[in-house]
Each structure stands twice: as C-alpha cells, then as structure tokens.
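# Sharing a model prediction with you, sequence too.
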There are 2 protein chains.
Amino acid sequence: MRDCPRLFIAPETIAPMARDAMLDLEAGQAHYLGTVLRRQVGAEVALFNVRDGEWHGVIDHLRRDRCRIQLVGQTRAPVATRGVCLLFAPLKRDATETVIRMGTELGVTRFRPVASERTNTHRINTVRLESIAVEAAEQCERLDVPGIDPLADLPMVLSRWPDDVSLFAALERSNAPAAPVVARSGDCVLIGPEGGFSPREHDMLRARSFVRPLSLGDLVLRADTAAAAALALVGAGLKAL
Amino acid sequence: MRDCPRLFIAPETIAPMARDAMLDLEAGQAHYLGTVLRRQVGAEVALFNVRDGEWHGVIDHLRRDRCRIQLVGQTRAPVATRGVCLLFAPLKRDATETVIRMGTELGVTRFRPVASERTNTHRINTVRLESIAVEAAEQCERLDVPGIDPLADLPMVLSRWPDDVSLFAALERSNAPAAPVVARSGDCVLIGPEGGFSPREHDMLRARSFVRPLSLGDLVLRADTAAAAALALVGAGLKAL
C-alpha cells in the first residue's frame, strides 16, 4: 500500500462510507491524483476519517478537477488516536508549521495556540495550518486529523482548566525529572514562545496543581524542537500505561 | 546575557583564551556583529569552545570584516556535552538541516551519515551542515559543536561496531518498549531514510547484539521527526542514570 495515495475525507461532507458507494473528491484532491500523481481510472486509493475508518477504493471517473471513487471495502476500523493536546505559543511561520506537522505525527489530538507575554506573533493562519495537519495525517497513517483552535490567552486558559487533566509544561532548565513520565489520553503539553515564559508566568504555572513541569535537558531548545521532544516523552508515558 | 551575542571560536584557530588577551574574529563573525547586529566598540560578546569554556569579552575594534575582542573573564568552565551520536540516512536538504539543528539542540555529540538501501540522497554538503551545527550550538548554549562525519555504508559501520556501545535503532512499528530507555554517554541512535529500512536491513539490525530497537509509537514518522523523538527518549534515558 506504500504507493497507494491516502486521502482524508472530512466526514461531515459525505454520507457514511459503504461498500460500492460512489464518492466525489474535492477539486484539489482530484487535481492531486490526476495531475500531480498522474493516476488513471482503475487506480487504487485509500480514503479515511475518524468516523468511517480507512477504506480502499478505485478511481471510477477522473477529469481535471473532478474525481469519483468507488468504495471497495473497509481496510481499517475507525479508531481515535490516543494522544495529548498541545498548547503552544505561535511562532514564526516556518516554526509553527513544523510544530503542526511533527505534532500531528506524534499523536497530538488538538492544537491550542495560546498567547503568552513573550509571544510576538498573534496571527494564526488556521486554514493553512489545517491543511498541514491533513497532509501530515495522510502521511503518518492516522485515521483522525487534529483540530486547531483559535488563539486564546494563556492566563484565561489556565483559569478555566479542569483539575483532572495534567498539563505537562516544558519549563526551561527546570530541575523537573525528565523521565519516566506517566500520562493519560487527554492530558496536555505546553510549550512556550521563543524566549520562554516570563518569570510571572513561571510562578503562575508552578502555582497550579495540574501543572507538571517537564525537563527537556540543560540546553536551550527552540520551540519546535521542544514541542517534538516533549511530545515524544509524554507519548512514551502514555504508551507505558 | 540574553541579548549578548554568543559566538563559537574554533579552538585550533586561536591560542588558549586568557584574561585581557585580544582575539581576532573571522570576517563573517565581524560582519555579523557590526552589520547584522549593529554592535559597536565596547559592546559585550560571549565566546566559547570546548577547550576554553565560555568567556565574556568586549569589542575593542570593529570595522567591516574585522573585529577584535578583548577577553574579560571566563564565565563557564569547559565541559563536554553528555550525549549520544546520531547515525542517520541523508534526507532531502531541508530535512537533513532540521536533523542537524534539532540534533545539536538535543545534545548529539557527533553526526554520522550512513547510506542504507533506500537512501536516495548521497550528497552531503558538510560545510553547510557544519555551519548549521555551529549556529545551533551558539543558540542552545552548548560549549561544544558536534562534528559531522563523511557518509559511510551502513553494513560497513555495523561490521566494525564496538560491542560495548548500544545502538538504539528507531524501527518503524516495532513492538519494542517505548520507555524507559537506559542509555550511557557515547551510545548511538540510528534513524532510517524516508521509506524506512529494507526487510534485509531490519534482519541485519535485529541480528546484532548491540542493537536495541526503540519504538516511537504506532504512526509513520518522517525521518526528522523520528530523529527528534528518538533523541528526546534516549536523552531522558541518559539523564536518568
């Protein structure tokens, strides 16, 4: 199946997938299959979302920006990713995109951009970030695509936090233990902006009982590196349960 | 010190750093301080390498591509990073650069590019990768800069492997335990190419007693994500000792 294109189909745009049903792709996906990948009628594709699981289909009709797929059979039952939410301060464009891509591969279930004192970018191109999450989900063989929330203020988010959800906060050069981490599905990871959290934010975070400081070592990591490293540690902690 | 530029000085190019000694920067560093950062005579800089540690200095003379620094005092004693080597299959340019940058931040002591069966890039721009490693070391506040070896063949590397060094191999969808990892300084991490290792390489790796399979979860990670995740897990395993 390595050479079989794998496309995300938003469940709200189609009826539940069923054997022999016909499914019309979006114009962009039709263009991708026909013009970019040069597939033809009869070629195989995989289609997925969290409601229908993954289905095997065959191109029934393909012409420029139109493509119709005949669904052949289900190859994977629906299952949601066991993962964590990622709260992160928006970064420069490239770095934010790396966070979304790597985060999706590392099992993030939801991205929650938060504005902290040293956050210097408050613009989030949600449409572009969603398309990066879709592409990463297609490549990493997830069945679900993580959603991306609008930007929220960090203090506001913390003030409404549910007490039974852990927030693993990557605090620079904290003396927190690096491992092992024990996490539950639904817990969250928090990564600060370039330049880190302010002293006031550090105090605010440490004062909350649900915040669990996470050490990422002695070096000063850039935010995208910190996100990947923290997600790997917390992800391993999830698996360990 | 956040606003103080931090520059790597290759130890073989200068006499050991000493109080009040004068030190001439390279033309590129002089340009960076004067033209990019717009520093002037009297401004502070930090200079470092693994032999001299980190020193505090002051710009004594600055003109276009020439800069002389007066060394004021040592701010950190020399200490080598406790870390691991990273063996990785060369990737597309951007992805290789991400591996070098994130790997340097995550404590890689030496990068060893290896050619595997599915490696589709055999060109390594060592000079460019070294400059990325220097820049990452300057930013993440390391004292040493990881070296970058020439490309070597994976089977050759494995055939000459010292038995007392563990090689943590990120094998896709292996059932290896994710955590906790126990690692020692000097151990190595191995990341495959896009498309993973071939079945023959999998067998070759599993047959070696020094290879320790490392699980990075159920999803298919891109190689740069896999490198960051594996280094985070093994780095946490180092710290745990």
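In hand now; what should we look at?
# From here on, just use CA atoms for contacts and neighbour counts.
Will do.
# Let me know the pLDDT of the residue most central in space within chain A.
By CA atoms, centre = their mean, chain A has its centre lying nearest to A:Thr104, at 3.1 Å. As predicted, A:Thr104 sits at a pLDDT of 97.
# which parts of the helix or strand in which it is found are buried?
According to DSSP states H and E, A:Thr104 maps onto helix A:93-105. Buried residues in helix A:93-105, counting neighbours by 16 or more other CA atoms under 10 Å in any protein chain shown, are found at A:96-105.
# go on, stretch A:27-44?
Under 16+ other CA under 10 Å, the buried positions of stretch A:27-44 are A:29-34, A:39-40, A:44.
# Quick check: end-to-end length of that stretch?
This stretch, stretch A:27-44, spans 18 Å end to end (CA to CA, to the nearest Å).
# What mean pLDDT does that stretch get?
pLDDT averaged over stretch A:27-44 gives 95.
# just stretch A:108-123 next, same as before
Stretch A:108-123 comes out at a mean pLDDT of 92.
# hmm, it in reach of chain B?
No - judged by CA under 8 Å from any CA of the partner chain, stretch A:108-123 stays clear of chain B, getting no closer than 11.4 Å.
# what sits up against that stretch?
A:81-92, A:100, A:145-154, A:157, A:192-198, A:201, A:231 (CA atoms under 8 Å, 6 or more residues apart in numbering or on different chains).
# just checking: which of the residues you listed also lie near chain B?
By CA under 8 Å from any CA, the members of these lying near chain B are A:Leu231.
# Just the buried ones among the contacts of stretch A:108-123, please.
Members of those classed as buried by 16+ other CA under 10 Å are A:81, A:83-91, A:100, A:145-148, A:151-152, A:154, A:192-194, A:196-197, A:201, A:231.
# What helices and strands are in contact with the longest helix seen in chain A?
Secondary structure assigned by DSSP state H gives helix A:223-239 as the longest helix of chain A. In terms of contacts (3 or more CA pairs under 8 Å, 6 or more residues apart in numbering or on different chains; DSSP states H and E), helix A:223-239 is packed against helix A:93-105, strand A:188-191, helix B:223-239.
# what would these look like in a markdown table with distance to B:Ser209?
Shown next, in a markdown table, are the helices and strands packed on helix A:223-239 (distance: least, CA to CA, whole Å):
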| stretch | distance to B:Ser209 |
| --- | --- |
| helix A:93-105 | 30 |
| strand A:188-191 | 36 |
| helix B:223-239 | 18 |
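# Those: lowest mean pLDDT?
Averaged per stretch, pLDDT over those is lowest on helix B:223-239, reaching a mean of 92.
# Now do that helix against helix A:223-239, angle only.
Here helix B:223-239 points in a direction 70 degrees away from that of helix A:223-239 (axes from the mean of the first three to the mean of the last three CA atoms, to 10 degrees).
# that older thread, surely the residue nearest to the centre of chain A touches A:Ala137?
Yes - counting by CA atoms under 8 Å, A:Thr104 touches A:Ala137, with 6.4 Å between them.
# so what's in contact with those two at the same time?
Contacts common to A:Thr104 and A:Ala137, judged by CA under 8 Å, 6+ apart, are A:Val145.
# wait, what's in contact with the residue lying closest to A:Asp65 once chain neighbours are set aside?
Spatial nearest neighbour of A:Asp65, excluding adjacent residues (CA to CA, 6 or more residues apart in numbering or on different chains): A:Ala27 at 4.5 Å. With contacts defined as CA under 8 Å, 6+ apart, the neighbours of A:Ala27 are A:65-67.
# now A:Val157
A:Val114.
# Determine the next helix or strand in the C-terminal direction from whichever strand or helix holds it.
Here A:Val157 is covered by helix A:154-159, with elements defined by DSSP H and E. Using DSSP H and E, the next helix or strand after helix A:154-159 towards the C-terminus is strand A:167-170.
# And the average pLDDT for that following strand is what?
The model assigns strand A:167-170 a mean pLDDT of 94.
# Put the alpha carbons of that strand into CSV.
C-alpha atoms of strand A:167-170 as CSV (Å, rounded to 0.1, in the frame of the first residue of the first chain):
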residue,chain,number,x,y,z
LEU,A,167,-0.6,20.0,31.9
PHE,A,168,3.0,19.0,31.2
ALA,A,169,4.8,22.3,30.9
ALA,A,170,8.3,22.4,29.3
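# In terms of secondary structure, what does that strand contact?
Judged by 3+ CA pairs under 8 Å, 6+ apart, the packing partners of strand A:167-170 are strand A:188-191, strand A:211-214.
# do you know how far A:Pro213 is from A:Pro78?
A:Pro213 sits 34 Å away from A:Pro78 when distances are taken as CA to CA.
# Tell me which of these two has more neighbours.
Between A:Pro213 and A:Pro78, counting by other CA atoms under 10 Å in any protein chain shown, A:Pro213 is the more crowded of the two (21 against 16).
# Beta-bridge partners for the closest residue to the more buried one other than its chain neighbours, please?
Using CA to CA, 6+ apart and skipping residues adjacent in sequence, the residue nearest A:Pro213 is A:Ala169, 4.9 Å away. Judged by DSSP bridges, the bridge partners of A:Ala169 are A:Leu190, A:Pro213.
# shouldn't A:Ala169 be in contact with A:Arg208?
No - A:Ala169 lies out of contact with A:Arg208 (CA under 8 Å); the separation is 11.1 Å.
# quick one: which of these two has more around it?
The neighbour count for A:Ala169 versus A:Arg208, taken as other CA under 10 Å, is higher for A:Ala169 (22 against 14).
# can you map out the helices along chain A?
Going by DSSP H, chain A shows helices at A:27-31, A:93-105, A:126-140, A:154-159, A:199-206, A:223-239.
# Just the C-alpha atoms of the fifth one, please, in PDB.
Taking only C-alpha atoms (Å, rounded to 0.1, in the frame of the first residue of the first chain), the coordinates of helix A:199-206 have been written out as PDB:
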ATOM      1  CA  PRO A 199       9.100  35.000  35.500                       C
ATOM      2  CA  ARG A 200       5.500  35.900  36.300                       C
ATOM      3  CA  GLU A 201       4.200  33.100  34.000                       C
ATOM      4  CA  HIS A 202       6.600  30.600  35.600                       C
ATOM      5  CA  ASP A 203       5.200  31.500  39.000                       C
ATOM      6  CA  MET A 204       1.600  31.200  37.700                       C
ATOM      7  CA  LEU A 205       2.300  27.800  36.200                       C
ATOM      8  CA  ARG A 206       4.100  26.400  39.200                       C
END
